[in-house]
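> sequence unavailable; structure follows:
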């Protein structure tokens, strides 16, 4: 509110300052002209008259009077300027001020509503953070359990690999033994084939002889 008033006053000061400066310059020029005319007329009058011993003192007094007059005029101009600004602000449109006041009230109301919502939002954020923390702790606990179970599993995998290697060696040995047994059976079969044929021939002869005798 105060910052807005300052901006308005500054703007009005700039607008009125230009006009006041022009008026001040014009007034000061006219004042100086009249003053100089009076001084020059007084000096001419003194030159016509006989010079007095207090002429220097009169000049000093005139100079002091000029300075005081200039200061008084500047103070008067400033007073008039401030009075004009104040009058302009007082006579300013009341509706504009009421509109700005209503806008400020709305902004204040919105800010208060946001402030009222803020504790609820903070509480929700804290609950969410608490829930996430609990989930994180549960994940950490489960991860520790998995790591505890992973160590014996790694050991079992290593043992199974060793046993698998031993089984592969035994399988290779059994395959070699099977090959050797096959070779032995083949050799036995080759040796036993002539004997089997002779035994079959003799058996068939005996059967035929016995049949003929029965007939």
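Alright, I've got the coordinates. As the structure is a computational prediction, the values presented were derived from the model and not from experiment.

> following element in sequence after the worst-scoring helix or strand of the chain on mean pLDDT, please.
Within the chain, no helix or strand scores below helix 2-48, which has a mean of 51 by mean pLDDT, DSSP states H and E. Remark: after helix 2-48, the chain's next helix or strand is helix 55-90, criterion DSSP states H and E.

> quick one: residue 138 and residue 131, what's the gap?
Residue 138 sits 11 Å away from residue 131, taking C-beta to C-beta, to the nearest Å as the criterion. (Each C-beta comes from the backbone N, C-alpha and C, glycine too.)

> could you give the angle of the helix or strand hosting residue 124 to helix 55-90?
Element membership for residue 124 (DSSP H and E) is helix 94-214. Orientation check (axes from the mean of the first three to the mean of the last three C-alpha atoms, to 10 degrees): helix 94-214 against helix 55-90 gives 50 degrees.

> what's helix 94-214 packed up against?
For helix 94-214, not one helix or strand is in contact under the criterion 3 or more C-beta pairs under 8 Å, 6 or more residues apart in numbering; DSSP states H and E.

> please repeat the previous calculation with a cut-off of 10 Å.
Judged by 3 or more C-beta pairs under 10 Å, 6 or more residues apart in numbering; DSSP states H and E, helix 94-214 is in contact with helix 2-48.

> quick one: low-confidence parts of the chain?
Scanning the chain for pLDDT under 70 picks out 1-55, 89-95, 97, 192-215.

> recalculate using a threshold of 90.
Within the chain, the ranges that satisfy pLDDT under 90 run 1-105, 107-108, 111, 114-120, 144-158, 164-165, 169-215.
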